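J.: here is my input; please provide its structure:
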Amino acid sequence: MRNRGLSPDEMTTSSLLCACRSSYGLNHGKQIHSYIIKMGFDLDVLVCNSLTALYTRYSSLNDALRMFGEVRNFTDASSWNSIIGASMQQKQSLEVFNLPKLILVSHVNLDYVAATTY
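T.: Reported below is the predicted structural model:
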């Protein structure tokens, strides 16, 4: 794509992250993450949710939590669903139980899916 003079946007990079499913997916995802930072897409909620999912897929919850922490001021219910699911998937009960405190101070209106997860 870039060889043809086209630049991926937020939607394209998010889609690329979702496609990182091979044994080299985490390495490819980290390369895409570097590109995302370089292009300034790292505050886009959709991109950050895709990065959270990528890091969760490869059992890298610390990276997923770091990504979430960097954009927490811009998050929506989808972001909270992603990080709740990531914490539960990785069996990090301490993180799961700390999230409601963060949700309360964030003033995000959660949907019924996030609310019933607890």
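
J.: going forward, measure contacts and count neighbours with C-alpha atoms only.
T.: Fine.

J.: point to the residue nearest the middle of this structure.
T.: Thr52 (2.3 Å; Cα atoms, centre = their mean).

J.: let me know the pLDDT of it.
T.: Listed pLDDT for Thr52 reads 85.

J.: renumber starting at 196 from here on
T.: In the new count, where the first residue is 196, that last one comes out as Thr247.

J.: who's the closest spatial neighbour of it, skipping the chain neighbours?
T.: Once flanking residues are discounted, Thr247 sits nearest to Ala259: 4.5 Å by Cα to Cα, 6 or more residues apart in numbering.

J.: ok so, going back, isn't the residue nearest to the centre of the chain up against Gly264?
T.: No - counting by Cα atoms under 8 Å, Thr247 sits too far from Gly264 to count as a contact (10.5 Å).

J.: circling back: any idea how far the residue nearest to Thr247 is from Gly220?
T.: 15 Å (Cα to Cα, to the nearest Å).
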